[in-house]
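Visitor: below is the structure, and that's it, no one-letter string:
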């Protein structure tokens with residue numbers, strides 16, 4: 001399902017499109033292989049799943065309801081109790097309510113960027129966007145720091161990650177994008193793993209030789225150009241992945257046990273969460289799963305109760321329970337967020353508009369003790385009650401769970417030193 005928000009031939013293009021599309025492999029989609037980096041030895045998490053709720057979900061209609069606020073604020077949804085005494089959430093999230101002990105709710109997360117693209121960059125990297133630099137996404141950093149086995153991509157996005165997600169790290173640390181979401185009961189065709197249109201492995205071999213020709217033709221320049229550097233990585237790794245039974249099996253939901261499959265609904269997001277658990281189990285280090293459609297300027301309550309909340313409830317509850325059943329929850333950090341919250345006061349179209357001053361995030365696994373609420377918003381959900389939690393702090397906490405030093409310095413292609421997270425301190429209640 002495709003969602004949209006309210007915002008609205010060069011040599012490189014030839015190499016990227018002309019040399020690669022003959023086998024159905026687009027460079028930005030699959031350049032995702034990285035060497036392993038240094039990590040802290042005491043980290044519990046070895047992988048992560050990032051659930052991106054594109055469009056900006058309403059905090060007051062999901063995990064931070066305000067039943068005592070005025071009618072024009074609180075909306076029509078009721079609270080229900082959860083498996084953890086004292087924690088309450090939306091009535092349309094019953095499955096998540098029953099497994100509330102598996103995750104932490106962060107309330108009072110706050111910033112001031114109310115545009116979709118800026119908010120996505122901020123919550124997707126932990127760095128406030130600046131005009132002079134494009135920060136890499138969490139997945140690109142994890143791909144660089146943790147790497148993966150030779151035939152497994154370290155970073156997979158279902159179905160996509162967005163433009164230039166690797167930022168200044170370059171395309172070699174970008175995602176392997178599936179290009180589609182899995183459908184229940186149907187084989188999933190993955191771009192780059194499926195040979196369509198009569199393309200045979202001999203054609204793949206021929207394309208591999210073509211790439212080696214370009215390497216020789218451009219000589220030393222190829223080692224200095226970030227795009228060509230990524231292409232070299234792609235030409236080695238993607239070729240191996242196409243021949244890898246292990247990679248193909250990781251994407252095959254038909255191989256999953258009946259007990260695990262039963263934890264998930266049939267909706268594409270739910271099946272994507274099931275796929276994420278298989279990928280993590282196969283050795284993928286980072287998976288992004290997307291659920292869009294949260295940009296509810298109008299008809300907020302009907303949209304949420306009929307579509308978004310049932311999808312989120314099915315998929316996310318299944319994700320937590322399946323990871324636990326597979327023995328992967330302690331070694332996998334799960335981070336759930338949109339780009340901002342929505343206005344506490346309901347507008348004239350029965351909707352809610354952009355509101356970054358208050359929002360919710362969820363964290364689970366990776367040694368993070370669940371069953372808690374950290375932070376608090378004020379009585380009307382307009383902002384933090386006391387101390388705000390910055391996206392930078394959530395990012396620092398996330399990286400610490402993976403043993404990655406968020407203050408580690410990288411260098412841009414121009415030699416500029418940049419910390420992984422420019423500002424941000426791990427949340428004390430979550431890291432001990």
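Guide: Arrived safely, thanks for sending. Source: prediction; values computed, not measured.
Visitor: low-confidence bits of this structure, can you list those?
Guide: Applying pLDDT under 70 to the chain flags residues 1-4, 7-42, 191-243, 432.
Visitor: all strands of it, in order?
Guide: Secondary structure of the chain (DSSP state E): strands at 47-52, 79-81, 88-90, 103-109, 155-158, 176-177, 286-290, 332-337, 341-342, 354-355, 359-364, 372-374, 409-411, 417-419.
Visitor: need the contact list for residue 319.
Guide: Residues near residue 319 by Cβ atoms under 8 Å, 6 or more residues apart in numbering: 49, 51, 273, 274, 276, 277, 334. Bear in mind the C-beta positions are built from the backbone N, C-alpha and C, glycine included.
Visitor: 10 Å instead, please
Guide: 49, 51, 99, 102-103, 263-264, 269-270, 272-274, 276-277, 289, 329, 332, 334, 336, 364-365 (Cβ atoms under 10 Å, 6 or more residues apart in numbering).
Visitor: for residue 60, same thing?
Guide: 66, 69, 73-75, 77, 90, 300, 341-346, 352, 355, 358, 360, 377, 380-382.
Visitor: equivalent analysis for residue 353, please.
Guide: Residue 353 makes contact with 6, 56, 114, 295-298, 300, 342-343, 345-347, according to Cβ under 10 Å, 6+ apart.
Visitor: quick one on the thing from earlier: out of the strands of the chain, which is closest to residue 119?
Guide: Across those, residue 119 has its closest neighbour in strand 354-355 (8.0 Å, Cβ to Cβ).
Visitor: run the chain-centre distance for that closest one.
Guide: 21 Å (Cα atoms, centre = their mean, to the nearest Å).
Visitor: elements contacting that strand?
Guide: Packing contacts for strand 354-355, counted by 3 or more Cβ pairs under 10 Å, 6 or more residues apart in numbering; DSSP states H and E, involve strand 341-342.
Visitor: what residues sit buried inside stretch 419-430?
Guide: For stretch 419-430, the neighbour count (16 or more other Cβ atoms under 10 Å) marks 420, 421, 422, 423, 424, 426, 427, 430 as buried.
Visitor: quick one: contacts for the third one?
Guide: What it means is residue 422. By Cβ under 10 Å, 6+ apart, residue 422 lies in contact with 125, 126, 127, 128, 130, 133, 135, 392, 395, 406, 407.
Visitor: and it, how far from residue 129?
Guide: 11 Å (Cβ to Cβ, to the nearest Å).
Visitor: if we can go back for a sec, any chance of a PyMOL selection covering the buried ones in the contacts of residue 319?
Guide: Per 16+ other Cβ under 10 Å, the buried members of the contacts of residue 319 correspond to this PyMOL selection:
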select buried, resi 49+51+99+102+103+263+264+269+270+272+273+274+276+277+289+329+332+334+336+364+365
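Visitor: residues in contact with residue 381?
Guide: Residue 381 makes contact with 58-61, 64-66, 69, 73-74, 107-108, 341-345, 355, 357-360, according to Cβ under 10 Å, 6+ apart.
Visitor: oops, could you answer that again for residue 389 instead?
Guide: Taking Cβ under 10 Å, 6+ apart, we find residue 389 in contact with 106-111, 359-361, 374-376, 397, 427.
Visitor: out of those residues, give me the one that has the most neighbours.
Guide: Most neighbours among the contacts of residue 389, by other Cβ atoms under 10 Å: residue 359, with 31 neighbours.
Visitor: settle this for me: it is touching residue 391, isn't it.
Guide: Yes. With contact defined as Cβ atoms under 10 Å, residue 359 reaches residue 391; the gap is 9.1 Å.
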